[in-house]
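Asks: Generate a structure from the sequence data that follows.
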Amino acid sequence: MTSHVFKQQVKEFMAKVIARNPGEVEFHQAVEEVVSSLVPYIEEHPKYKEAKILERVVEPERVILFRVPWVDDKGEIQVNKGYRIEMNSAIGPYKGGLRFHPTVNLGILKFLAFEQVFKNSLTTLPMGGGKGGSDFDPKGKSDMEVMRFCQSFMTELFRHIGPDTDVPAGDIGVGGREIGFLFGQYKRLRNEFTGVLTGKGIEWGGSLIRPEATGYGQVYFAEEMLKTRGDSMKGKTCAVSGSGNVAQFCTEKATGMGAKVVTLSDSNGFIYDPAGIDKEKLEWIKWLKNVKRGRISEYTGKFGGEYLEGKRPWGIKCDVALPSATQNEVNEEDAKTLISNGCFVVSEGANMPSTPAAIDVYLSSKILYGPGKAANAGGVATSGLEMSQNSLRYSWSREEVDSKLHNIMKNIHAVCVKFGKEEDGFINYFKGANIGGFVKVAEAMLAQGVV
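Replies: Got it, this is the predicted structure:
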């Protein structure tokens with residue numbers, strides 16, 4: 001079949017998806033990105049077409065919507081929306097984070113849950129895909145307000161989750177504090193201590209390396225891509241976006257591997273430090289963002305450099321771009337600017353941080369592009385390792401977990417190469433991640449019948 005026929009099939013499929021899920025633009029984008037890679041592959045493997053695997057995999061197994069009433073410090077009742085999308089359980093219990101942010105809506109969570117299915121499949125661990133959260137904003141709230149909200153949220157969610165059913169984790173707005181409050185309420189309601197949430201504190205069932213895992217894995221994946229060209233992270237100049245958990249540990253691992261990180265950002269703008277963000281500077285940033293909960297602009301007052309308000313870091317000259325903030329933060333013009341400035345590696349720590357037009361620029365330029373579902377799978381992989389430790393009632397050392405994480409990222413890279421290597425030798429990681437993640441889920445769905 002010609003590419004024109006494939007494009008027409010994608011267009012017809014997407015028309016049905018959009019009609020069934022109106023207004024959910026992020027979900028439409030995520031589905032189209034995957035389907036565009038899968039349609040040619042499915043034509044070569046008609047068993048998936050006959051069993052309507054694509055039609056089934058884009059439909060959540062279960063969508064849970066609920067209200068979350070809570071009382072603020074002034075004694076006033078507030079009401080938020082709560083969600084859990086249980087997308088696909090073909091290869092294991094639903095697994096995916098909870099996001100607390102004002103932008104949370106059904107379309108965003110369905111996109112994240114859909115991506116999670118393939119990401120979890122790529123880890124080689126037995127985990128299905130899910131996602132959830134609320135339009136609650138933890139910023140500016142007291143610890144007591146956050147606790148009351150989390151307790152109300154879990155009072156509804158607890159009946160839908162469990163260590164063999166659905167295991168949520170953290171995401172944007174849900175860190176160690178929130179996981180603690182959620183777990184405490186689950187334990188109170190169920191009268192049991194189980195591995196129902198990941199990202200827990202080390203003292204009560206958490207895994208070493210879990211906070212670091214997404215950022216570490218993102219850099220491990222970049223290193224594996226560079227190895228295919230006989231290169232490494234050593235000596236590379238890196239532009240990193242974000243300044244939260246993923247960005248912090250991405251910076252830590254890149255610096256530890258001999259690279260120089262020159263940017264970090266938040267929603268107001270970004271800092272540029274041509275001298276590099278070394279270990280001492282990074283420790284201060286961790287305090288600024290995790291303890292003080294301040295703005296990244298404060299960095300320049302202490303360490304110098306430049307702060308560019310209202311801008312993103314993709315205009316800075318770099319070898320490696322590490323988008324670690326949020327979806328669609330790199331557009332077509334940003335991608336062109338990166339490449340014209342000499343960037344030849346993009347490894348995504350955020351979920352879907354590049355727009356479809358930006359991805360087209362990466363692929364046509366034949367740079368090393370690691371899509372989020374592969375490059376940022378280290379976080380959920382280590383959540384899976386935390387689940388294993390909880391089941392064993394055991395805790396592995398930091399070195400053991402980091403070694404397992406590193407091996408998982410190498411395995412994910414190998415799967416992407418297997419399904420993404422093209423005739424001219426170019427490795428299309430975008431295609432490789434989509435097909436590699438799909439095949440395992442599809443085979444499980446075929447084996448389990450029409451469910």
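Asks: got a pLDDT number for residue 172?
Replies: Listed pLDDT for residue 172 reads 88.
Asks: ok, so what distance separates it from residue 242?
Replies: With the distance defined as CB to CB, to the nearest Å, residue 172 ends up 10 Å from residue 242. C-betas here are computed from N, CA, C, even on glycine.
Asks: Show me which of the two is the more surrounded one.
Replies: In terms of neighbours (other CB atoms under 10 Å), residue 242 is the more surrounded of residue 172 and residue 242; the figures are 30 against 23.
Asks: Tell me which residues touch that one, please.
Replies: 264, 265, 266, 323, 324, 325, 326, 349, 350 (CB atoms under 8 Å, 6 or more residues apart in numbering).
Asks: How is it assigned, secondary-structure-wise?
Replies: Following DSSP: H, G, I helix; E, B strand; the rest coil, we place residue 242 in the coil state.
Asks: give me phi/psi at it?
Replies: When read as degrees, to the nearest 10, the backbone of residue 242 gives phi 90, psi 170.
Asks: Test my guess that residue 62 contacts residue 86.
Replies: Yes - counting by CB atoms under 8 Å, residue 62 touches residue 86, with 4.1 Å between them.
Asks: With neighbour numbers in mind, choose between those two.
Replies: Applying other CB under 10 Å to residue 62 and residue 86 shows that residue 86 carries more neighbours, namely 23 against 13.
Asks: could you dump the helix or strand that the more buried one is a member of to CSV, C-alpha only?
Replies: In this structure, residue 86 sits in strand 77-88 according to DSSP states H and E. Provided in CSV are the C-alpha atoms of strand 77-88 (Å, rounded to 0.1, in the frame of the first residue of the first chain):
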residue,chain,number,x,y,z
ILE,A,77,-16.5,24.2,51.6
GLN,A,78,-14.7,23.8,48.3
VAL,A,79,-15.6,21.4,45.5
ASN,A,80,-13.3,19.9,42.9
LYS,A,81,-13.6,17.2,40.3
GLY,A,82,-11.8,13.8,40.7
TYR,A,83,-11.0,11.4,37.9
ARG,A,84,-9.5,8.0,37.3
ILE,A,85,-9.0,6.6,33.8
GLU,A,86,-8.5,2.8,33.8
MET,A,87,-7.3,2.5,30.2
ASN,A,88,-6.0,-1.0,29.7
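Asks: Identify the contacts common to residue 172 and residue 242.
Replies: With CB under 8 Å, 6+ apart as the test, residue 172 and residue 242 both reach residue 326.
Asks: Need the contact partners of stretch 400-408.
Replies: Contacts of stretch 400-408 (CB under 8 Å, 6+ apart): 123-125, 207-210, 213, 216-217, 220, 377-378, 381-382, 385, 396.
Asks: tell me the mean pLDDT over that stretch?
Replies: Per-residue scores along stretch 400-408 average to 96.
Asks: now that stretch, how far from the centre of its chain.
Replies: Relative to its chain's centre, stretch 400-408 lies at 18 Å (CA atoms, centre = their mean, to the nearest Å).
Asks: Likewise for stretch 352-368?
Replies: 17 Å.
Asks: In that stretch, which residues are buried?
Replies: Within stretch 352-368, the residues that count as buried by 16 or more other CB atoms under 10 Å are 352, 353, 354, 355, 358, 359, 361, 362, 367, 368.
Asks: Closest one of these to residue 305?
Replies: residue 353 (23.1 Å; CB to CB).
Asks: tally of neighbours for residue 271?
Replies: Neighbourhood size, residue 271 [other CB under 10 Å]: 25.
Asks: Residue 27 versus residue 116, what's the distance?
Replies: Plainly put, residue 116 is 12 Å away from residue 27 if you go by CB to CB.
Asks: Likewise for residue 239?
Replies: Per CB to CB, residue 239 is found 28 Å from residue 27.
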